[in-house]
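Enquirer: build the 3D model from these lines:
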Amino acid sequence: MADLDSRATGLQPKVLGEEHSKRLAELHALALDHLQEGKLLKAQSAAKEAFKLDGDDPATLHLMAVVSVQGGQWDHAVEWASRAIRKDPQPVYLATLGRALLNASRLDEALRVFDKAVQLKPSDAELWQQMGDALIQARRNSDALLCFRRAFELDSGHADAAYKAGHLLHGAGQLAEALAYLNHSVSLLPDNAQLLHTRALVLNGLGRIEEATADCRRAVQLDPKNADTLGNLGALLRAQGHLEEALSFFDRSLKIKPNAGKAIVGRASVLADLGRVEEAMSAYKRSAAILSEHSRSVWNLALLQMLTGDFKRGLKGMQARWDVPGLPNGYPPLPGPKWLGDGEIAGKTILVCADEGLGDAIQLVRYIPLLASRGARVVLIVQDALRPLLSNMEGVSECLPGSSGARLPPFDLHCPLSNLPLIFGTRLETIPAAVSYLPLPSQERVQAWESRLGPRARRRVGLVWSGNPEHLNDHNRSIPFHMLTGLLDDRVSFVSLQKDVRPNDRAELLARTDIFDAAQHLTDFAETAALISCLDLVITVDTSVAHLSAALGKPTWILLPFMPDYRWLLNREDSPWYPTARLFRQTHAREYASVVRRVSEALAGWLDKAI
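Expert: Numbering: from 1, shown residues only. Below you'll find the model as predicted:
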């Protein structure tokens, strides 16, 4: 109520006799003072006395409206403000009427009143601010943003207008501009927890996670009982690998707001990261009961079930992925029925579409021959880079590129590739795990690689150290190139299978004369497969090349994070999906130095046996 002075509220008593005028001014001031102090009854008493003294004065009528607004008597406030406006349509009177109408849920009328107010006094920042607030309630965010911007242009000290502009820009994904407004607002109100929390969200969206964490920590200090801020700080800490601390903030958040779905899911994710799988599954089951988080929780629970070998529940639960907001989904909109495994398919054409990543597609095409053996004609749609490799796949009648707009042939049914393990009732012991199930590379391609690599004077080992940087778990699975240099042994010819070398690794790779860099020739997966067929061993982090090499039956050593992707299971060095794979896992220390050291020791032993 700091702005309730006689100037701001328009409470200027009309001219009476000198004594009456003085008394009316005193009553106006007294009512405002009582409102400032939160003494509503005394304010009402003073306003009523002023009305008795002069019931025709518009300022007194407006004072009655202001007091009614503070008392939550919206209908009375509308009536008093309307009477004041009929006598003197001042913008401030209109603003009070607008607030009353807004609180009385008469939104359209309120907007018309605020619009009239800003027309009468377009230089008033506060009027633009109030109109923006009304437009937010009307869910007209773009119009509200214009109002807040205008308010800020008129008054650069208007912290609330700057905050709300930043908030709306954040929601619209315009993060850089949002940050500029929020920075200004924070400079005016440096100890406002809500401001700092919102800026933390924007900074996180811009990838400035350490600054976001600092803002969030400060917001928690200022408002330690805000469950949302506590939960978001937990999420920021988890993203930086501070798992125990993240867990403590999720626990604090849930103590205040026990059924907050996002915090339950965040806590479950940290428990999974920590390897506390049973606790994580219990947490996901709990959050699955909360409607807004249901599909994501079922999906995350299913991944843990698969990780622990419970394929019966896991494969069924993974169907929730189709309902998870924001989860990448490459499945195209297709006409006709989606095949879910029921009914006879002999003699029918079924369109099978790769719907996840490149590695997923390579892993799951093993089911195509099984599908074809039921008598179906299988048309396979895959990512463009996989088409040359999979065109000759057993059971594939036709292979089409997924992103180049190829015309589809007539078909009876369609099916996501990721659904095939469920359709075939896969269990841990029934995984179709042929040593090699991909088509052999063409002799021409293989010979071209043999020529590039030169005579076989030493054993050949391929290396891959990083995957797609856009992958959600890339920070856990990829490593810098320099970490693998400890593997280099002069008894081996090393070949880089890294197609896309990151800028931080490029100079160091170029400086090495003991590694053959094949990147410029790796135009598609058929080329990579041909090169792998010329090697004796592939050492890789968890990328599509790991799947390609193992699916070709090549000895493949895979470096895994402490909590790996579901397909690698837990606590084993082999893979039921790939007989020639050997798994090297992080320990609880969650670092790759010891993993690389174990790989180096294994490589030395492998070389000794080869002599």
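Enquirer: so where do the strands sit in the stretch 501-611 of the chain?
Expert: With DSSP state E, counting those that start in this stretch as the criterion, the stretch 501-611 of the chain has strands at 515-517, 537-541, 556-560, 581-585.
Enquirer: in its sheet, which strands sit next to the first one, and in what direction?
Expert: Going back to what we said before, that points to strand 515-517. Counting by DSSP bridges, the strands paired with strand 515-517 are strand 492-496 (parallel).
Enquirer: and V324, what is it in contact with?
Expert: Applying Cβ atoms under 8 Å, 6 or more residues apart in numbering to V324 gives the contacts S295, R296, W299. Every residue, glycine included, has its C-beta placed from N, CA and C.
Enquirer: mean confidence score for whichever strand or helix holds the first one?
Expert: Assignment of secondary structure by DSSP states H and E places S295 within helix 294-307. Taken as a whole, helix 294-307 has a mean pLDDT of 93.
Enquirer: list the helices and strands that helix packs on?
Expert: Here helix 294-307 touches helix 261-273, helix 277-288, helix 311-317, going by 3 or more Cβ pairs under 8 Å, 6 or more residues apart in numbering; DSSP states H and E.
Enquirer: which one of these is the most hemmed in?
Expert: helix 261-273 (a mean of 24; mean count of other Cβ atoms under 10 Å).
Enquirer: let's see that one as PDB, backbone CA atoms only.
Expert: What follows is helix 261-273, C-alpha atoms only, in PDB (Å, rounded to 0.1, in the frame of the first residue of the first chain):
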ATOM      1  CA  GLY A 261       5.300 -34.500  -9.200                       C
ATOM      2  CA  LYS A 262       8.400 -32.900 -10.600                       C
ATOM      3  CA  ALA A 263      10.300 -33.100  -7.300                       C
ATOM      4  CA  ILE A 264       9.300 -36.700  -6.900                       C
ATOM      5  CA  VAL A 265      10.600 -37.500 -10.400                       C
ATOM      6  CA  GLY A 266      13.700 -35.400  -9.800                       C
ATOM      7  CA  ARG A 267      14.400 -37.300  -6.600                       C
ATOM      8  CA  ALA A 268      13.800 -40.600  -8.300                       C
ATOM      9  CA  SER A 269      16.300 -39.600 -11.100                       C
ATOM     10  CA  VAL A 270      19.000 -38.800  -8.500                       C
ATOM     11  CA  LEU A 271      18.400 -42.100  -6.700                       C
ATOM     12  CA  ALA A 272      18.800 -43.900 -10.100                       C
ATOM     13  CA  ASP A 273      22.000 -41.900 -10.800                       C
END
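Enquirer: give the helix, strand or coil label for the residue lying closest to R502 once chain neighbours are set aside.
Expert: Using Cβ to Cβ, 6 or more residues apart in numbering and skipping residues adjacent in sequence, the residue nearest R502 is S466, 6.1 Å away. Here S466 is coil, with the state taken from DSSP: H, G, I helix; E, B strand; the rest coil.
Enquirer: run a quick neighbour tally on S466.
Expert: 21 (other Cβ atoms under 10 Å).
Enquirer: can you check the one 10 residues further on too?
Expert: Neighbouring residues of N476 were enumerated by other Cβ under 10 Å; the total is 21.
Enquirer: so it is in contact with P561, correct?
Expert: Yes. Contact criterion Cβ atoms under 8 Å: N476 and P561 qualify, at 4.2 Å.
Enquirer: picking that back up, so what touches the helix holding S295?
Expert: With Cβ under 8 Å, 6+ apart as the contact definition, helix 294-307 has outside contacts at 261, 264-265, 268-269, 272, 277, 280-281, 284-285, 287-288, 290, 311, 313-318, 320-321, 323-325, 327, 563-564, 566-567, 569-570.
Enquirer: how far is that helix from where the chain is centred?
Expert: Distance, stretch centre to chain centre, for helix 294-307: 17 Å (Cα atoms, centre = their mean, to the nearest Å).
Enquirer: try stretch 110-119
Expert: 39 Å.
Enquirer: any weak-confidence spans in the stretch 401-550 of the chain?
Expert: Residue ranges of the stretch 401-550 of the chain with pLDDT under 70: 404-406.
Enquirer: ok, now with 80
Expert: Along the stretch 401-550 of the chain, segments meeting pLDDT under 80 span 403-406, 469-475.
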